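Engineer: need a 3D model of the sequence below.
(4 chains)
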Amino acid sequence: MLKLDGVTKVYRIGAFGGQTMTAVDEAGFEIKPGEVVSLIGESGSGKSTIGKMVLRLLPPTSGTISIDGRDVRQMGKRDYYRKVQGVFQDPFSSYNPVFKADRVFAMIREVYFKGVPDKEWTAKIEAALDAVRLSPGAVLNKFPHQLSGGQLQRLLIARALLLDIEYLVADEIISMLDASTRIDVLNLLADLKQRGLGVLFITHDLALGNYISERTVVLHKGRIVEYGPTDAVFEQPEHAYTRKLLASVPQLHTKWEDAS
Amino acid sequence: MKAEALYFAIRNTKLLVGAGIILVLLGIGVIGPFFIDKPPTEYVGMQMQPPGGEFWLGTNTFGQDLWAQFVHGLRTTFLVGALGGGIAAVIGMVVGFLAGYKGGWIDEILNMLTNIVLVLPTLAVLFILNAYIGVRSAGMQALFIGLTQWPWAARSIRAQTFSLRGRDFVDLARLSGVGSGRIIMREIAPNMSSYLLLTFILLFGGSILIASSLDFIGLGPTDAVSLGLMLQQAHQWSAMHLGLWWWFVPPGAGITLIVGALYVANVGLDEVFNPKLREL
Amino acid sequence: MRNRATRFLIPIVAAGLLAAACTSGGTPTPAPGASAPAAPAPAAEGGAFPRNETLYTSGTQWGPPANFNPIREWDSATGTKGLVYETLFHFDPVAGKLTPWLAQSGSWVDDTTYEVKLRQGITWSDGKPFTAEDVKFTFELGKMETVPYHNLWNWLSGIEAPDASTVRFTFSKANYQQWDFNIYSRSIVPKHIWEGRAEKDVLDGINENPVGTGAYKYHSHDQDRVAWVKNDTWWGKAQLNLDPKPKYIVDIVNSSNEVAMGLLLQKGLDLSNNFLPGAANLVSGNFGITTFYPEPPYMLSANTAWLVPNTTKKPLNDAAFRKALATSVDVKKIVEGVYGNLVKPASPTGLLPQWDQFVDQAVVGQKGFAFDTDKAKQMLAAAGYKDGNGDGMVENKDGSPIALKLIVPAGWTDWMEAIRVIAAGAKAAGINVEAEFPDYNALVEARNSGKFDLVINNERQLSNSPYTYFEYVFQLPVQAQQNTVNFARYENEEAWKLVQQLDGTKTDDIEGMKKVSSQLEAIMLDEMPVIPLWYNGLWSQVSSSVWKNWPSSEGSAPKSAPTMWRNWLELGGFESLASLQPVAP
Amino acid sequence: MTLEVDDLRVYYRTLKGDVQALDGVSFGLRDGEILGLAGESGCGKTTLGKALIRLDGRMKHVGGSVTLDGQVLPIGDDVKMNPYRFKQVSLIPQYSMSAMNPTRKIGRMVRELLESRREKLDLDELHARLDLVELPKDVLGKYPIELSGGMKQRMVMVISTLLNPSLLIADEITSALDVSTQKAVVTTLKGFRDRGFVKSMIFITHDISLTNQLADTIMVMYAGKLAEKAPASTVVNAPKHPYTQLLISSLPEVGVRYADKRLTGIPGNPPSLLDPVPGCRFRDRCPLAFEKCAEDPPPVEVEKDHVVACWKAA
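Structural biologist: Okay, the predicted model is just below:
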């Protein structure tokens, strides 16, 4: 179980760092294996900061993040990243444009699978690609710009799968994708939980969060305002902010004026 | 990507002309001295002979062969340019990458260092150094130029690194357990390779210009012949008044050609690498 | 080339301060000045100075005119001494004798008393009469410790002025050669103005509005020039039958020799006393520029350039080694290659051609040296210097390697070229000599404190007597700081006694002088305390577009020195100016 | 009819050749109508929006015409277009929030803009409009950096419509905004139309759910061509083009759960518009494709105001 407990992030801002800005304030929730947790919030709510802290790209100012009761700071980063991986919002900026896209695999191999023979490695990649429903011929040996956003995001998920991870942080991973392909990536994420993966699904789109998650965390200005099973949050929102948010979601078949 | 760059490179007139001139002069400087058996400062013939069959560029007041000096001078000039530009580029990269990638107090310290070197009165320092150290070789000159010219390169590399380090692919590399050094070398630097090349070329040309200026004001190497030193000698020995144009025109043209060609090649390369400039 | 200023300035200062030479305090060394002053505006612009009435000169002053104080012979504005202030005598190097100037005559009444009779009817430019009191006052200024000729009072015991036109000097010891030098070198200042000035003011005062007896008066000055205007009531017109024609003399401050050459070619300058490389081409190239000789060496000789070894250092403490080194130097290559024949190779003794009569040819024939690489090698071998490790260079007798550094100031390009030739020659003979070019001040420091191996020096000018030459070479005792003489730190009591003996020889006793000189020459050639290389020229390029009748070796032209150099106006420089004629009436 | 676009073709020049970004699009816009322009990235919707006001350096007007209020717009000529901008056609570009000059106070910026159009500033009117978008008057004395994203967006909307243009083009102006701000912006735009600040509007977005909240008509584009155009409710509830159908069915709505109903996307990618093969451009991804699709399907008005470019639908 990945657990956040009183996690706070304070940034120093201003010319000489004289002022502070609290991006995340005492956030606490947990992700169980085989579960998708949506972290919903508008821009500036601190949801990406939480994602980065879970991925240890930013250190929390206070509070702890733990896996199965063990503070992650006690784990070496390399070991940690075998268990926890991330995929980001912009598929194009996730790839170094000067290299081929499958270099993200090679990077993993260099660090974690040095001794693995080529054949075994190829098999491993094929298995991972299969899991994200990509055909090796279509994506290997290509430059990022030759692939679509959906393919790139799946490739990143395949990369994470190579490490037999337990938790995945998916930070707005489909918001830059076109409508025709985003649902497939979303489905893929949902499928992963059947493999026992815990997913932290960060999004601003309530419909998407609602679609795949078991539990939902609503974040407003760095604070968790609502946290509970997804149905409960969406059907009986307790916090006014959650209600306002829900009312603002454009619904395909309902117009705002009809709803109110 | 690379093939594309090459495609545009071989079709870019500016690049071809610039690089062509550089290569020809470099070739003369590198190969030329092997065909000249006497040292360039040897008094080999009649004094003040105009260019002709025996001495292609004539001789100077001392009866030194100016072609021999030109050839050796090209070599020194290229050497100082490459070495000075190289040192500046390396320091600029190390400082720029470290400051830009690491940020925080490392950035602040390096930034301070950069600013200090930037405002250093280079010439005054050189005068003082010269007074106390005395020995002046082309290598030391290059070292000095390298040690003083890196700040602007460091600054721009820092800025570029700063914008790159926030990119998702850098985070992804960190998520792959890759260390800072390798991230800089293998994720960030390759993204700036064209920029780094352009930076080096500018530093290279700049070093040649600075070296020539130092030569001209008498702070040049004393153990070598360079184009700047040829100009300085020609000036000091009143070649202009005496009508010995063959003494100062070739080195002057040489410096102008090298720096000009580097600049033209740089503009060409910029067009090759930068799709926006390439467009129409 | 820029720094040539000091090269000529310093030797002249040194000569001028002969009497003070063995003190270290009174010899300021002007800094070469790292930055060049702005080029002067073309002198040809008329304005206050009609071109056909003005003589433009350059080549002496390397910084803005600082003062008009004749006591400061090393940095007063060009012309302060010579044009405004005058001396008792001039010295004519061609005839080799004193010319009475403010003095009517001078003679030794007995062995230790010298009496000067002054001319009548001389007035200061403020109208007051010039008298014996002024002369007495001037020499008595030397009693002040900081006045450059203070040392005169070591052997001068008293001065009397029995009447207005007689001055009597009495000596405890008569140094005849030095005395002659002094009576043509010391500017006489007016007592009525200088009386009561404090020591500091005497030495450091700017002395605006100088009042002298000379042919010119102060007109004006600026950062880049000093201008003198003719004194129409000058006594010399009647008494010397000299009448300088230029109404104005404007001396332009040098910025570089390049600028000087440009001005000269544009006829903006009449007399350039700069070293102008390629001057031979100017002479032969129909540029309207002439020099004293129309062919090599083009210039009169002014001083000797020596290779000075540090005789306290191994192996330069070995005379045999020094002589081998001397033999390895290809002076001809320097003279022809570096200077384009603008200089002459020095004789083995280094005595200037003007002193030829004192050179004992027998001694030179027997002991002299000449460039011969093979002979240098043999001499090294004979003296026990061998190349043990096979690197082509000989080692010390104890087997330790020899690595000598030969230094000249950075930027003195002719010397830089010259020492490259010397180093190459030495290497060819098996002596490892490297040419190096330290900053001027660093060189002076190393040279004066004895922290050098080899250095080039020429800090002694032509004078009335070879005594000044030998004094430079042999002066004792050697001190921690050697500021003006004997940079080689060569110690030879016998030689120093001979130098003093020469000093005590009467100036008309030519045979006596020759005899002592011959002994000194023998020591010089045996020991090689310095290695004479070439005679530097009295750089002088003139344009005859406005003024004619310049000194020349040809025909009936004057034979005096065509120069404005410091302290040379008394050595013929003034006479040269006085004989100029306007081209257009 | 405010706007009449007839067979408009705009290509992008690239080194490899022309990208046929907008390849023969025709449609009309009535007075007071809001047209929602929807489609995936690269379908030509932004190109269309830009073509109506300013072609950038790489865009080339290949054919077709644009008529606004009976005048043919000189869209190929940047200089001749100048008098029409702001007065007749106005554009709110995608990143307009960051396009404001950071060194100018907003009030000054507005005045200068009007002066450059030789118009005088009606301060009362400006204040009224600020009130309408719920911006305090003192924003005029502030620098852009002092405003939040949503405030900047509203300010840009006010500026763009200050001269009451006939046509307002809003290009993806909500895609970077949070849902609550989105709603406010969309409501404001509607208010502008209702108050007559603009006669008609083209609202470009990739989000059909959002455009449905505002648009009277929705036009779906695919690969540089018009796929379907119909009243908003028709597009959402009874689309005829296979592409529109698949797109609508792939959108999750609040309440739809993966566990209950697994949605699917559209397999495959849009074709390259560099030298596209003739015929229907959707046919490679279309489950209904047949031989006839090798020919270009013409847009056909299958019922009133409902145009579809598909052989199956016709």
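
Engineer: list the contacts for residue A:156?
Structural biologist: A:87-88, A:91, A:94, A:104, A:173, B:172 (CB atoms under 8 Å, 6 or more residues apart in numbering or on different chains). Where C-beta positions appear, they are placed from N, C-alpha and C, glycine not excepted.

Engineer: how near is residue C:310 to chain A?
Structural biologist: Per CB to the nearest CB, to the nearest Å, residue C:310 is found 60 Å from chain A.

Engineer: correction: the previous question concerned residue C:178.
Structural biologist: 75 Å.

Engineer: show me what contacts the nearest residue to that residue once chain neighbours are set aside?
Structural biologist: Excluding its sequence neighbours, the residue lying closest to residue C:178 (CB to CB, 6 or more residues apart in numbering or on different chains) is residue C:503, at 5.7 Å. Residues near residue C:503 by CB under 8 Å, 6+ apart: C:175-178, C:467, C:471.

Engineer: show residues contacting stretch C:390-409.
Structural biologist: Residues contacting stretch C:390-409 (CB under 8 Å, 6+ apart): C:3, C:32, C:307, C:314-316, C:380, C:384-389, C:415-416, C:418-419, C:422-423, C:426-427, C:430-440, C:443, C:446, C:452-456.

Engineer: buried among these? Make that a PyMOL selection.
Structural biologist: Command for PyMOL, covering only those of the contacts of stretch C:390-409 found buried under the criterion 16 or more other CB atoms under 10 Å in any protein chain shown:
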select buried, chain C and resi 3+32+307+315+316+380+385+415+416+418+419+422+423+426+430+431+432+433+434+435+436+437+438+439+440+443+446+452+453+454+455+456
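
Engineer: which ones among the contacts of stretch C:390-409 map onto helices?
Structural biologist: Among these, DSSP state H puts C:380, C:415-416, C:418-419, C:422-423, C:426-427, C:440, C:443, C:446 in helices.

Engineer: residues contacting residue 250?
Structural biologist: Just going to use chain A. Per CB under 8 Å, 6+ apart, neighbours of residue A:250: A:256, D:179, D:182-183, D:186, D:207, D:209-210, D:212-213.

Engineer: wait, chain D
Structural biologist: So residue D:250 contacts A:179-180, A:182-183, D:263-266 (CB under 8 Å, 6+ apart).

Engineer: what is the nearest of these to chain B?
Structural biologist: Taking CB to the nearest CB as the measure, chain B sits nearest to residue A:182 out of these, at 17.8 Å.

Engineer: that closest one sits in which helix or strand?
Structural biologist: helix A:179-192 (DSSP states H and E).

Engineer: what of residue B:98?
Structural biologist: Judged by DSSP H and E, residue B:98 forms part of helix B:66-102.

Engineer: which of the ones in helices among the contacts of stretch C:390-409 lies closest to residue B:142?
Structural biologist: Nearest to residue B:142 among the ones in helices among the contacts of stretch C:390-409: residue C:416, at 21.3 Å, using CB to CB.

Engineer: just list the residues touching the closest one, thanks.
Structural biologist: B:222, C:408, C:410, C:435, C:437.

Engineer: try it again at 10 Å.
Structural biologist: B:218, B:222, B:233, B:236, C:338, C:408-410, C:435-437, C:456 (CB atoms under 10 Å, 6 or more residues apart in numbering or on different chains).

Engineer: got the phi and psi for the residue of the stretch 51-200 of chain B found nearest chain D?
Structural biologist: Residue of the stretch 51-200 of chain B nearest chain D, by CB to the nearest CB: residue B:163 (15.7 Å). Residue B:163 has phi and psi values of phi -70, psi -30 when expressed as degrees, to the nearest 10.

Engineer: tally of neighbours for it?
Structural biologist: 10 (other CB atoms under 10 Å in any protein chain shown).

Engineer: ok, now residue A:243?
Structural biologist: Neighbour tally, residue A:243, other CB under 10 Å: 13.

Engineer: from chain B, how far off is it?
Structural biologist: Counting by CB to the nearest CB - residue A:243 and chain B are separated by 33 Å.

Engineer: grab the nearest non-local neighbour of that residue.
Structural biologist: Going by CB to CB, 6+ apart, residue A:243 has residue A:237 as its nearest residue, at 4.8 Å.

Engineer: go on, residue D:42?
Structural biologist: residue D:270 is the one closest to residue D:42 (CB to CB, 6+ apart), at 5.9 Å.

Engineer: is it true that that neighbour touches residue D:285?
Structural biologist: Yes. Using CB atoms under 10 Å, residue D:270 is in contact with residue D:285, at 8.0 Å.

Engineer: more neighbours: the two, which one.
Structural biologist: Counted by other CB under 10 Å, residue D:270 and residue D:285 do not tie: residue D:270 has more neighbours, with 23 against 18.

Engineer: secondary structure element for that one?
Structural biologist: Applying DSSP H and E, one finds residue D:270 in no helix or strand.

Engineer: can you give me the pLDDT of it?
Structural biologist: Listed pLDDT for residue D:270 reads 85.

Engineer: next: residue C:32.
Structural biologist: Confidence score, pLDDT, at residue C:32: 35.

Engineer: list the residues that contact both of residue D:270 and residue D:285?
Structural biologist: Common neighbours of residue D:270 and residue D:285 (CB under 10 Å, 6+ apart) are A:180, D:222, D:243.

Engineer: okay, these in a markdown table with pLDDT, distance to chain C and neighbour count next?
Structural biologist: A markdown table is the format used below for the shared contacts of residue D:270 and residue D:285 (pLDDT from 0 to 100; distance: CB to the nearest CB, whole Å; neighbours: other CB atoms under 10 Å in any protein chain shown):
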| residue | pLDDT | distance to chain C | neighbour count |
| --- | --- | --- | --- |
| A:180 | 81 | 74 | 24 |
| D:222 | 93 | 75 | 25 |
| D:243 | 94 | 79 | 27 |
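
Engineer: list the contacts of the residue most central in space within chain A.
Structural biologist: By CA atoms, centre = their mean, chain A has its centre lying nearest to residue A:170, at 1.4 Å. Counting by CB under 10 Å, 6+ apart, residue A:170 touches A:36, A:38-39, A:51, A:85-89, A:153, A:156-157, A:160, A:185-186, A:189, A:192, A:199-203, A:212.

Engineer: below-threshold pLDDT in chain B: ranges please.
Structural biologist: B:1-3, B:131, B:133-135, B:275-280 (pLDDT under 70).

Engineer: re the thing from before, now the contacts of residue A:250 as JSON lines including secondary structure and neighbour count?
Structural biologist: As requested, the contacts of residue A:250 are exported to JSON lines (DSSP: H, G, I helix; E, B strand; the rest coil; neighbours: other CB atoms under 10 Å in any protein chain shown):
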{"residue": "A:256", "secondary structure": "helix", "neighbour count": "17"}
{"residue": "D:179", "secondary structure": "helix", "neighbour count": "22"}
{"residue": "D:182", "secondary structure": "helix", "neighbour count": "23"}
{"residue": "D:183", "secondary structure": "helix", "neighbour count": "20"}
{"residue": "D:186", "secondary structure": "helix", "neighbour count": "24"}
{"residue": "D:207", "secondary structure": "coil", "neighbour count": "19"}
{"residue": "D:209", "secondary structure": "helix", "neighbour count": "21"}
{"residue": "D:210", "secondary structure": "helix", "neighbour count": "24"}
{"residue": "D:212", "secondary structure": "helix", "neighbour count": "25"}
{"residue": "D:213", "secondary structure": "coil", "neighbour count": "22"}
